[in-house]
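*Asks:* Can you look at this prediction? I've put the sequence above it.
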Number of protein chains: 2
Amino acid sequence: MDYEKDRTIDEIVNLIVDLLKEKKYIQARSELLNINAVDVAEILRDVIDILGIEIAVILFRTLPKDMSVEVFSYLNIEKQIAIINVITEKEIHYIIEELAFDDMIDVLEELPANIVDKVLANSTKEKRKQINTFLNYPENSAGSLMTPDYISLRKDMTVGEALAHIKREGMDSETVYTCYVKDVGRKLYGIVSLRTMVISDDHVPIEDILEKDFVSVNALDDQEYVSNLFKRYGFLAIPVVDNENRLIGIITVDDILDIIDEETTEDFQKMAGLQASTEEYLYTSVLTHVKNRFPWLLFLMVSLMVTGLIITHFEGLLSKVISLVSYLPLLMGTGGNSGSQSATLIIRGLALGDIELKDSGKVLWKEIRVSFIIGLLLSILNFAKIMILDGKGIFIAATVCLSMLIVIVMAKTIGGMLPMMAKKLNIDPALMASPMIASLIDMITVITYFILAMLILGI
Amino acid sequence: MDYEKDRTIDEIVNLIVDLLKEKKYIQARSELLNINAVDVAEILRDVIDILGIEIAVILFRTLPKDMSVEVFSYLNIEKQIAIINVITEKEIHYIIEELAFDDMIDVLEELPANIVDKVLANSTKEKRKQINTFLNYPENSAGSLMTPDYISLRKDMTVGEALAHIKREGMDSETVYTCYVKDVGRKLYGIVSLRTMVISDDHVPIEDILEKDFVSVNALDDQEYVSNLFKRYGFLAIPVVDNENRLIGIITVDDILDIIDEETTEDFQKMAGLQASTEEYLYTSVLTHVKNRFPWLLFLMVSLMVTGLIITHFEGLLSKVISLVSYLPLLMGTGGNSGSQSATLIIRGLALGDIELKDSGKVLWKEIRVSFIIGLLLSILNFAKIMILDGKGIFIAATVCLSMLIVIVMAKTIGGMLPMMAKKLNIDPALMASPMIASLIDMITVITYFILAMLILGI
């Protein structure tokens, strides 16, 4: 957009902060009027952080009403609550009423019950009932993502009548690009795209152009399943039905973009040994950070202690050939890195659907060959290095290099197979990532290395 | 969809393979007719793998022409080339002509030059020129994702005229939901959504309802930048312009869903020390797997060797207090895990735009506090364990636990800051992930631990 070429959001924030400090509210407001609401929300968020909520709300109140609701919908939930805490009840009511249904549900979910009650006091009984139903869908379910604001057509309408209907109803619905036709008992009967209607003649009956081979999801389906359907079929929207197959809402692709990010972040977190969390890093408190990180570190520590125990067992060997110790990080590190490469490839392949459970054999066979070649190459390089640079003699060199080959092959096959096994056991494969595998490989490395050392060095 | 409820894709594949083996081609065909083309493509792909390309092509040829082109577009490039290698030139020509423009470009990019020449021999000069321009956009650029099949409107049209125009042209364009208005010299003047047109009256001039505050990208912009714009603003399509601001194509959201996956996979790969690759795991040869994994393992190995060197330096100390060795994996592992937690959080935060460069100070201060608390907790637990379970005496316990506290604090601050520094230097932050940080932390751990040991144990 034009303003992005001329100045960045940070520059606008600085300008507005200066204007607000000088109480030039009208001037600050006019800076925002030609900016996309998404960007205004980011600016407002920075202003809240810099000048505090009281002054930021003065700016928020100067915005045109339509825009203020849209900006509000793009703020994160902490900032939304902060604003709600300082504006009047009448203002809260206006915002909540004007928000898109799914955004409204997101806000209501986070508000204290007494505020929700007040907000809903003036709503019709039917609307309150609907809101309560939506509030009850579990987090991460299709139901928690959907909106009831879709366009409903009758199959006995003509295209001309349908377009006239959309002209009346289109303003308030989440999308007009896919419309839904219901059967008796509110059951979903077919879908028809606006594109098909626009390129059809006005007198054509909707019945003739609707698709009955549509994909729908259940309100209780997991959001990851829903986002995979969007990726697979390239939908703009997907209908959501209840257990009786009645149409109760739709999910649109723009909301799925956020979900994809959320699901990916969760995978990244699990793979790094973190409690999954959708809170932004900077807005997460120190104690929550500790809570998200401590349990996994503790769990992994226990397995590292086992490795320590194994080493203790071989202290006699080590005190005789102390130089064995200096190759431990090399072996453990390379093993961990090799295993984490394989685990990442398999975890990602499983997440994208490129790899399925039935491919276990292929994965195993591929990892064995790849690891053998890599192990051989790295072992040869190490052999030369230990003999020539370290001058350690052939027995140490042979011990280290043979261990390395075995460790890399074991690391890569374990790294490849553990995520497959997790999937089979319905555990998230992402949990079988680097830290887990590295800890396991550490134990295997130490045992392999010390036993080989005793055999080769004859101790 | 209905068939998914009754039977899975694997079951359909088995059925079809059986039918093909008995040469019941027409029956096999009829099993596919009511299935979504995306799923038919997956079935065909499995049939190629099981029965070979020759038999699979017999099935492919029985499909209705429209469907065969759509199915072809959903196959991956290896399977597309395999089919092209066995069908006739006339068939190739038909498929290429009927493919959506962006899908056609993707296929042409992978075909040998002589086949491309033959395929394009019958095209108009203008079309060949356009195809060549598109073929020349760099991989991962906006230009490589776009299609020229968009709806172009004039600003002096009325809504009624525009809808009539869409009715004529809409069948062949990638999307009709966003239409584009050009100025003199093909410059992009404004955009107008089909939704706005459908809810406006027929006599309203397009000029009155078009948006001039649109976001566009340059054909040479990186695809990651483009996909971030889609996520930020929730677009269904985005216009692509050249350096003179002339409209040359559009990118639609369904193609962006694939790009998001691709970019995420790349991040996962980099974070695990893998060469980024978009090829599917199972379709990547053993040698390519070796090539993607070997360089990073070798690079990381060099730093692990440095850790070995440092240990060699302290062999005198170790031979006096051999039990120090058994705590090395614990310290190195916990350090690596702590660092990788922080690095992952920051890398992901940077990728999502939640964390920016200006937040470095906040990140540092947060990591210091979090790491101090975690370090203290883990050290206390370890102290108790070493004193009580291991019975090692207070000096060893103090050495290990003080080292642990220092290592965790260093690991978390380094893990947090390295990705920020990489971003500042325009290096991909994802490269500063677990394996890199673990190697670095290993060195720091060994030095800290041994120096503390000498000081505390008085050696």
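*Replies:* On my side now, so go ahead. Note that the structure is a prediction, hence the values are computed from the model and not measured. Numbering: from 1, shown residues only, chains lettered A, B, ... in the order given.

*Asks:* Check whether residue A:244 sits in a helix, strand or coil.
*Replies:* coil (DSSP: H, G, I helix; E, B strand; the rest coil).

*Asks:* On the pLDDT front, check it for me.
*Replies:* Per-residue confidence (pLDDT) for residue A:244: 88.

*Asks:* Assess the claim that residue A:374 and residue B:292 are in contact.
*Replies:* No - here residue A:374 does not reach residue B:292: they are 10.4 Å apart, not a contact under CB atoms under 8 Å. In this view, the C-beta of every residue, glycine as well, is placed from N, C-alpha and C.

*Asks:* Break chain A down into its domains, please.
*Replies:* Structural domains annotated on chain A: A:2-145, A:152-253, A:281-457, as defined by automatic domain parsing.

*Asks:* Where among those is average confidence lowest?
*Replies:* Least confidently modelled of those is domain A:2-145, at a mean of 86 by mean pLDDT.

*Asks:* Against residue A:50, how distant is the closest residue to chain B within the stretch 101-250 of chain A?
*Replies:* Distances between the stretch 101-250 of chain A and chain B by CB to the nearest CB are smallest at residue A:234, namely 3.5 Å. According to CB to CB, to the nearest Å, residue A:234 stands 42 Å off from residue A:50.

*Asks:* quick one, which of residue A:374 and residue B:292 is more surrounded?
*Replies:* residue A:374 (23 against 20; other CB atoms under 10 Å in any protein chain shown).

*Asks:* Please settle this for me: is that one part of a helix?
*Replies:* Yes - counting by three-state DSSP, residue A:374 falls inside a helix.

*Asks:* so what's it up against?
*Replies:* Residues counted as contacts of residue A:374 (CB atoms under 8 Å, 6 or more residues apart in numbering or on different chains) are A:338, A:408, A:412, B:290, B:293-294, B:297.

*Asks:* if we go to 7 Å?
*Replies:* Residue A:374 makes contacts with A:408, B:290, B:293-294, B:297, as judged by CB atoms under 7 Å, 6 or more residues apart in numbering or on different chains.

*Asks:* so how far is residue A:362 from residue A:218?
*Replies:* 33 Å.

*Asks:* Neighbour count for these two, which is higher?
*Replies:* Of the pair residue A:218 and residue A:362, residue A:218 is the one with more neighbours under other CB under 10 Å, namely 17 against 12.

*Asks:* the helices in the stretch 251-400 of chain A, which residues?
*Replies:* Using DSSP state H, counting those that start in this stretch, the helices of the stretch 251-400 of chain A run over residues A:253-271, A:286-313, A:315-320, A:328-352, A:360-384, A:394-424.

*Asks:* So residue A:223 sits against residue A:138, correct?
*Replies:* No - in this structure residue A:223 lies outside contact range of residue A:138 using CB atoms under 7 Å: 10.1 Å.

*Asks:* Export the contacts of residue A:374 to JSON lines and append columns for neighbour count and distance to residue B:357.
*Replies:* As requested, the contacts of residue A:374 are arranged in JSON lines below (neighbours: other CB atoms under 10 Å in any protein chain shown; distance: CB to CB, whole Å):
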{"residue": "A:408", "neighbour count": "28", "distance to residue B:357": "38"}
{"residue": "B:290", "neighbour count": "18", "distance to residue B:357": "37"}
{"residue": "B:293", "neighbour count": "25", "distance to residue B:357": "31"}
{"residue": "B:294", "neighbour count": "17", "distance to residue B:357": "33"}
{"residue": "B:297", "neighbour count": "23", "distance to residue B:357": "31"}
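
*Asks:* Let me have these in a markdown table, extended by distance to residue B:262.
*Replies:* Output for the contacts of residue A:374, formatted as a markdown table (distance: CB to CB, whole Å):
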| residue | distance to residue B:262 |
| --- | --- |
| A:408 | 29 |
| B:290 | 22 |
| B:293 | 19 |
| B:294 | 23 |
| B:297 | 24 |
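
*Asks:* Closest to residue B:154 out of those residues?
*Replies:* The nearest member of those to residue B:154, counting by CB to CB, is residue B:293 at 55.3 Å.

*Asks:* just to revisit the earlier point, just name the most buried of the helices of the stretch 251-400 of chain A.
*Replies:* Sort the helices of the stretch 251-400 of chain A by mean neighbour count, taking mean count of other CB atoms under 10 Å in any protein chain shown, and helix A:328-352 sits at the top with a mean of 27.

*Asks:* That one and chain B, are they touching?
*Replies:* Yes - contact between helix A:328-352 and chain B, assessed by CB under 7 Å from any CB of the partner chain, occurs at A:328-330, A:332-334, A:337-338, A:340-341, A:344-345, A:348-349, A:352.

*Asks:* which helices and strands does that helix pack with?
*Replies:* For helix A:328-352, the contact count by 3 or more CB pairs under 7 Å, 6 or more residues apart in numbering or on different chains; DSSP states H and E identifies helix A:360-384, helix A:394-424, helix A:434-457, helix B:253-271, helix B:286-313, helix B:328-352, helix B:434-457 as packing neighbours.

*Asks:* Could you confirm whether the shortest one reaches chain A?
*Replies:* Okay, so that is helix B:253-271. Yes - contact of helix B:253-271 with chain A (CB under 7 Å from any CB) involves B:253-254, B:257, B:260-261, B:264-265, B:268-269.

*Asks:* okay, the angle between that helix and helix A:253-271?
*Replies:* Computed by axes from the mean of the first three to the mean of the last three CA atoms, to 10 degrees, the angle separating helix B:253-271 from helix A:253-271 equals 10 degrees.

*Asks:* which residues are in contact with helix B:253-271?
*Replies:* The contact list for helix B:253-271 (CB under 7 Å, 6+ apart) reads A:230-231, A:234, A:253, A:260, A:264, A:344, A:348, A:352, B:102, B:145, B:223-224, B:227, B:230, B:235-237, B:276-278, B:347, B:351, B:428, B:430-431, B:433-434.

*Asks:* Compare residue A:223 and residue A:138 (neighbour count), which wins?
*Replies:* Neighbours around residue A:223 and residue A:138, counted as other CB under 10 Å, are more numerous at residue A:223. The numbers are 23 against 11.

*Asks:* and the more buried one, what is it in contact with?
*Replies:* A:140-142, A:145, A:259.

*Asks:* Next: residue A:433.
*Replies:* Residue A:433 sits next to A:270-271, A:340, A:343-344, A:347 when contact means CB under 7 Å, 6+ apart.

*Asks:* Tell me which two of the residues you listed sit farthest apart.
*Replies:* So, these by CB to CB: farthest apart are A:270 and A:340, at 13.5 Å.

*Asks:* For stretch A:41-54, give me every contacting residue.
*Replies:* The contact list for stretch A:41-54 (CB under 7 Å, 6+ apart) reads A:9, A:12-13, A:16-17, A:20, A:32, A:56, A:59-60, A:71, A:74-75, A:79, A:82-83, A:86.

*Asks:* dump the residue contacts of the residue nearest to residue A:437 when sequence neighbours are not counted.
*Replies:* Sequence neighbours aside, residue A:339 is the residue nearest to residue A:437 in space, at 4.1 Å (criterion: CB to CB, 6 or more residues apart in numbering or on different chains). By CB under 7 Å, 6+ apart, the contact list for residue A:339 reads A:411-412, A:414-415, A:437-438, A:441.

*Asks:* ok, those residues vs residue A:134, which is closest?
*Replies:* So of these, ranked by how close each gets to residue A:134 (CB to CB), first place is residue A:437, at 41.2 Å.

*Asks:* separation between the closest one and residue A:276?
*Replies:* 19 Å.

*Asks:* Looking at the two, which one has more neighbours?
*Replies:* Legend: neighbour count by other CB under 10 Å for residue A:437 and residue A:276, higher for residue A:437 (27 against 15).

*Asks:* what's near enough to touch that one?
*Replies:* By CB under 7 Å, 6+ apart, the contact list for residue A:437 reads A:336, A:339-340, A:343, A:414-415, A:418.

*Asks:* rerun at 8 Å
*Replies:* With contacts defined as CB under 8 Å, 6+ apart, the neighbours of residue A:437 are A:336, A:339-340, A:343, A:411, A:414-415, A:418.

*Asks:* tell me which of the residues you listed is nearest to chain B?
*Replies:* Of all the contacts of residue A:437, chain B sits closest to residue A:340, with 5.1 Å by CB to the nearest CB.
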